[in-house]
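[1] pasting the sequence and the predicted model now:
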Amino acid sequence: MASEKEEKIMQAAGLSPTDPCSYSRPDECIVTKIDLDLDIDFDNTSLRGEVHLSLQKKRQGIDHVVLDTREVTIKKVTDQANGQELTFTLGEHDPNFGSKLDIRLPNGGGSSCVVSVVYETSPQCSALQWLRKEQTAGKRQPYLFSQCQAIHCRSMIPCQDTPAVKCAYSANITARREVTVLMSALRLGSEPHPTDSSKLIHKFEQTVPIASYLIAIVSGDIESRDIGPRSKVWSEAEMVDKAAYEFDETEHMLQTAEALMGPYVWGQYDLLVLPPSFPYGGMENPCLTFVTPTLLAGDRSLANVVAHEIAHSWTGNLVTNSNFEHFWLNEGHTVFVERKIAGRLHGGEAMRHFTGIGGWKSLQYGVVEVLKNGPYTKLIPDLCGVDPDDAFSVVPYEKGFALLFYLETLVGGPDVFEPFLRAYIERFQGDSIVTEQWKEFLFSYFRDKVDAGVFDEVEWDKWFFGQGMPPVKPKYDDSVAVPCADLCQRWVKAAEEDFSTFKAEDLEALSTVQRREFLSLLLLEEPFSPKKIQAMEGMYNLNSVKNSEIRFSWLRMCIRAQCEDCIPRALDFVNEQGRMKFVRPIYRDLYNWEKSRQLAINNLQANRDQMHNTTAKLVATKDLHLPN
Ligand code: BES
Ligand code: ZN
């Protein structure tokens, strides 16, 4: 939370006292329902129409509402009750937070009203990516998808773009007949457009109140396959069968999550496989998780991302961080549950501990090598003046997981901790909370243990606000990890001249997840010589592996070893897909090597128009250090 002094600074800058990344003032007035009427205009790459915002004033005398916007054109604002125009001012554009839309509310009236905003999005809208049909797999229709987390919803809809506020939403979306439209909501069907026979109107309803960052839309030439009693997988026809195979465990994962956290309240749980430029592994849009096509490994080995997004249906979508400084409440809990689900489905506790060890290693790498023990290594960072995209890292995920795993051990193990998790959901579902509320609940739930001094050893301040690695490392069962570490160390110690003790079977003996871990471990070591890389390639054929995680780590090994022949393969990889987890480290590695630096810059410039806005911006400014 911001200090008193920071709060004054934020308010002077017109930012919300409860969310450093939003102009909205939920202390004055909250949006209780969003109703959308929008047209998808592929020719002009714009969403155009109207949003109706139901407002509830928090006290008497409130005569305005402040909304977040970013690069939208506001055409008209009216009082829905009588159609009368309302005056508004649109503030200056801030590169991180967009502009404040201040609307004067109708005089008199009660404590509630409905404001209608006629607007259109700009082609630069940061939430939306528009693909020409040539850019899709099928090349038949154009494609549109959104990514609102963390603070991009404001570029798509004028709204209170803070997770402190939750509301239900409905939508009527008009689009040309040839495309399907889906949203993070239940589908109510579609009807012909009354005046334009080339169009359909698609209707949606999300009845569970959600934060703005969970509003999502997609439109394109997509189809579906049933993968469970409440689940379909959607994608372009080219990969829908492959996707149905890959995500076949979905219902099993849902049931496991329900056993841990209580009933799934959202009705449908569908998956959407996006085009390769989708910037994340997965996004927990309610009723319709978005995933990257890089999960399609052919052997279900990357389906943990689906377990993760399923877990968000409770941790994140029901119990929500109140602002993105407390993002670890969303992601730390979700990783924790993801690993519980994975353990119960495959490999039990030993496998859960194995993923915990991997998480700790990637935390070490992120904290030390990427973030240099800096301010974003705090579990609760300070986001005053910061775009959450710029602060995004492994820290909320893995420091958050480590804290929960450590606490679980401290209180007596899974049998004691899992009921707490369920009670936490029960207590806070529907709410947006900060870390202090989580901790208070932890203490009240484990009152006896607090009294018995069980938590005395926990250095809370260091966990929450300390930079660098956590104050303690939890104890993990390393039985599954040891073979990965052993093989890694054999390679590290191998003499440059003699690789005769290595065989192809070294790697074949490991499972896919262990192979992935083996490669991640190699990356934490000093760079290999090109000769050692060649020997490894000769033995294991890693250049031809299709699994995106293994391919990623191997390419990084090769770049860091300064193997020149890997540069074109690395450029192919970042051009073929746009998942930031893969693209950004590869660009950083290429930047750090004299030989490839200019090639990387040229490659970005040549491909920028094809890329997702967010990815292009972050790669350019943060990884290649180009002026924006
Ligand atoms: N909610 C996140 C994705 C996200 C975070 C988008 C912040 C925008 C801003 C999603 O649930 C996530 O964490 N995805 C991970 C999955 C992984 C941890 C299993 C990813 O994309 O890699
Ligand atoms: Zn997540």
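    That came in fine, so what should we check first? Ligands and ions are numbered 1, 2, ... in the order given.
[2] name the residues of the longest helix seen in the chain that are buried.
    Under DSSP state H, the helix in the chain containing the largest number of residues is helix 327-345. Within helix 327-345, the residues that count as buried by 16 or more other Cβ atoms under 10 Å are 327-345. Backbone N, C-alpha and C define where each C-beta goes, glycine included.
[3] repeat that for stretch 91-107.
    So for stretch 91-107, counting by 16+ other Cβ under 10 Å, buried means 94, 97-103, 105-106.
[4] show residues contacting it.
    Contacts to stretch 91-107, defined as Cβ atoms under 8 Å, 6 or more residues apart in numbering, come from residues 14-15, 21-23, 29, 55, 57, 62-71, 74, 77, 79, 81-82, 84, 86-90, 113, 115, 117, 151, 154-155, 158, 385-387.
[5] where are the low-confidence patches of this structure?
    Applying pLDDT under 70 to the chain picks out residues 1-15.
[6] for the chain, what lies in contact range of ligand 2?
    Selection of the chain residues close to ligand 2 by Cβ under 5 Å from the ion yields 331, 334.
[7] so which residues on the chain come close to ligand 1?
    Residues of the chain lying close to ligand 1 by Cβ under 6 Å from any ligand atom are 149-150, 280-284, 304-305, 308-309, 312, 331, 392, 397, 581.
[8] so of those residues, which ones are in strands?
    282-283 (DSSP state E).
[9] so of the residues of the chain next to ligand 1, which two are at opposite extremes in space?
    By the measure Cβ to Cβ, 150 and 304 form the most distant pair in the residues of the chain next to ligand 1, at 22.3 Å.
[10] buried ones among the contacts of stretch 91-107?
    So, by 16+ other Cβ under 10 Å, the buried ones in the contacts of stretch 91-107 are 15, 21-23, 29, 55, 57, 62, 65-70, 74, 77, 79, 86, 88, 90, 113, 115, 117, 151, 154-155, 158, 386-387.
[11] which ones among the residues you listed are found in helices?
    Per DSSP H, those never map to helices.
[12] taking the contacts of stretch 91-107 one by one, which sit in strands?
    Going by DSSP E, the strands hold 29, 55, 57, 64-69, 74, 77, 79, 88-90, 113, 115, 117 from the contacts of stretch 91-107.
[13] which residues touch the closest residue to residue 155 other than its chain neighbours?
    Spatial nearest neighbour of residue 155, chain neighbours left out: residue 70 (3.9 Å); criterion: Cβ to Cβ, 6 or more residues apart in numbering. Applying Cβ under 8 Å, 6+ apart to residue 70 gives the contacts 93, 97-99, 125-126, 152, 154-155.
[14] between these, which is nearest ligand 2?
    If you rank those by distance to ligand 2 using Cβ to the ion, residue 152 comes first, at 16.0 Å.
[15] what about the closest one, distance to residue 229?
    Distance, residue 152 to residue 229, using Cβ to Cβ, to the nearest Å: 33 Å.
[16] neighbour count for the two, which is higher?
    residue 152 (23 against 8; other Cβ atoms under 10 Å).
[17] I'd guessed that one sits against residue 127; true?
    Yes. Between residue 152 and residue 127 there is a contact under Cβ atoms under 8 Å: 3.7 Å.
[18] overlap in contacts of those two?
    Common neighbours of residue 152 and residue 127 (Cβ under 8 Å, 6+ apart) are residue 146.
[19] element containing the nearest residue to residue 88 once chain neighbours are set aside, please.
    Of all residues not flanking residue 88 in the chain, residue 103 sits nearest, at 4.5 Å (Cβ to Cβ, 6+ apart). Residue 103 belongs to strand 99-104 when assigned by DSSP states H and E.
[20] returning to that earlier point: which among the residues of the chain next to ligand 1 count as buried?
    149-150, 280-284, 304-305, 308-309, 312, 331, 392, 397.
[21] CA atoms only for stretch 619-628, dumped as CSV, please.
    Provided in CSV are the C-alpha atoms of stretch 619-628 (Å, rounded to 0.1, in the frame of the first residue of the first chain):
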residue,chain,number,x,y,z
VAL,A,619,11.1,-5.7,-26.8
ALA,A,620,12.0,-2.4,-28.4
THR,A,621,12.3,-0.3,-25.2
LYS,A,622,13.4,-2.8,-22.5
ASP,A,623,15.3,-5.5,-24.4
LEU,A,624,16.8,-3.7,-27.3
HIS,A,625,17.1,-0.3,-25.6
LEU,A,626,15.7,1.5,-28.6
PRO,A,627,14.1,4.9,-28.2
ASN,A,628,10.3,4.4,-28.5
